[in-house]
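Novice: Give me coordinates for this.
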Amino acid sequence: MEAACLARQRAEQGSRSAARYSALIPEGGTPPYRGIVALHGNGENARKALDGWRTAVDEGWLLAAVQSSQIVHSEGYIWDDTEVALREIQEQHAALAADYALSADHLIIAGFSMGGYTAMQAALSGTIPAQGFMLLGPGGPEPDGPDDLGSWLPLIEQLRGRGAPLRGYLMAGQEDDLTPPETQQRLADFLTEAGIPCGFETIPGVAHAYPLDFRPIIARALDFIGLPLDASRDPGSAREVAG
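Specialist: Predicted structure coming up:
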């Protein structure tokens, strides 16, 4: 029965409108908001992304999680169709920007696993006007050699053609066997050599998952990108909304 329902859901995807976003709005924050658009990993959902990156909300950032329409089970979605994924990210960012005033100079796209790979595609292609990207264990095609890394060059050329500055930060769990730190280090070095400054950090004791104490890591990532957290702000609460 579950398999039949899933097949029907998949068949209906093409005819239904894409899901919008879920967001955490910092209480006491004032627009225009500094924004982080987060993408869940394959097999996960927007709730998982909000939980994973929510520490940024304590520092006054608006956090919006985009949920893919590509369903694999009742609570799991994937980003495997890149064309669909980028279109939905663009549409949901536009919906977010229509609902809330966002700072044009403070927009980050973040992602975990395949969501991280997709977030980098969105940043390089200009799918949304992000100034930086934060990737935790980005998945997708593994950059094991020059040819694989070179597959990013067309998007890098697009970025150069737009003349848009972009910086990034990659984070890898030290115990991550799915996206090993060595693989992520090569990608960070490649991007830096291609003119996209990219920091890199290995997280001790973490496998392919969100770290328990993510706040200082996110702080270092944002500082490298050039959009640091507000150290003077007291951690606050947030209200959740759905687009």
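
Novice: May I ask you to confirm that residue 120 is in contact with residue 133?
Specialist: Yes - with contact defined as C-beta atoms under 8 Å, residue 120 counts as touching residue 133 (5.7 Å). Quick note: C-beta positions are derived from backbone N, CA and C, even for glycine.

Novice: Overlap of the contact sets of the two?
Specialist: Common contacts of residue 120 and residue 133 (C-beta atoms under 8 Å, 6 or more residues apart in numbering): 111, 168.

Novice: Would you mind telling me which of those two has the busier surroundings?
Specialist: Between residue 120 and residue 133, counted using other C-beta atoms under 10 Å, residue 133 has the larger neighbour count: 28 against 25.

Novice: Bridged to that one, which residues?
Specialist: residue 109, residue 168 (DSSP bridges).

Novice: where does it land on pLDDT?
Specialist: At residue 133, the model reports a pLDDT of 98.

Novice: got a list of what it touches?
Specialist: 108, 109, 110, 111, 119, 120, 123, 166, 168, 169.

Novice: got these as JSON lines, with pLDDT and distance to residue 155 columns?
Specialist: Formatted as JSON lines, the contacts of residue 133 follow (pLDDT from 0 to 100; distance: C-beta to C-beta, whole Å):
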{"residue": "108", "pLDDT": "98", "distance to residue 155": "18"}
{"residue": "109", "pLDDT": "98", "distance to residue 155": "14"}
{"residue": "110", "pLDDT": "98", "distance to residue 155": "18"}
{"residue": "111", "pLDDT": "98", "distance to residue 155": "15"}
{"residue": "119", "pLDDT": "98", "distance to residue 155": "12"}
{"residue": "120", "pLDDT": "97", "distance to residue 155": "8"}
{"residue": "123", "pLDDT": "98", "distance to residue 155": "9"}
{"residue": "166", "pLDDT": "97", "distance to residue 155": "11"}
{"residue": "168", "pLDDT": "98", "distance to residue 155": "13"}
{"residue": "169", "pLDDT": "98", "distance to residue 155": "18"}
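
Novice: neighbours of residue 94, just the number please.
Specialist: Neighbours of residue 94 (other C-beta under 10 Å): 12.

Novice: quick check, it in a helix?
Specialist: Yes - Residue 94 forms part of a helix when assessed by DSSP: H, G, I helix; E, B strand; the rest coil.
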